[in-house]
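Q: what's the 3D shape of this:
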Amino acid sequence: MLEVTRLAMGLLIAFFHKPLADYITKQDAQLVAMFRQRGVNVPDTMRRETARTLYFAMGILVAAVELARIYTIIHS
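A: Alright, predicted model coming up:
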């Protein structure tokens, strides 16, 4: 049951990677601005396309790992 839930989570991350990455990038930009106002030098945020690609890859990776785990459970 846990494997199926993780598989669904990975597929949902891959499916909603654009709005998820956009939201997190927006929040990250606000944090960077807040730290810079207080004089803390922090690196720039990721580009939007880079964040989208990373979240898509992360979702596919989670789904692939869980598919492999389900396959080994079924065939062992």
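
Q: So which residues of this protein form helices?
A: 2-15, 17-37, 48-74 (DSSP state H).

Q: What residues sit buried inside stretch 25-32?
A: Using 16 or more other C-beta atoms under 10 Å as the test for burial, stretch 25-32 gives residue 25. The C-beta positions use only the backbone N, C-alpha and C, and glycine is treated the same way.

Q: With mean pLDDT as new columns, can the helices of the chain be given to me in CSV?
A: Output for the helices of the chain, formatted as CSV (pLDDT from 0 to 100):
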stretch, mean pLDDT
helix 2-15, 94
helix 17-37, 95
helix 48-74, 95
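
Q: Just read off the phi/psi values of residue 44.
A: Backbone torsions for residue 44, taken as degrees, to the nearest 10, come to phi -70, psi 160.

Q: That one contacts residue 35, doesn't it?
A: No: using C-beta atoms under 8 Å, residue 44 is not in contact with residue 35; the gap is 11.7 Å.

Q: got the buried residues for stretch 54-72?
A: For stretch 54-72, by 16+ other C-beta under 10 Å, it's 55-56, 58-59, 62-63, 66.

Q: Right, I'll call it a day here.
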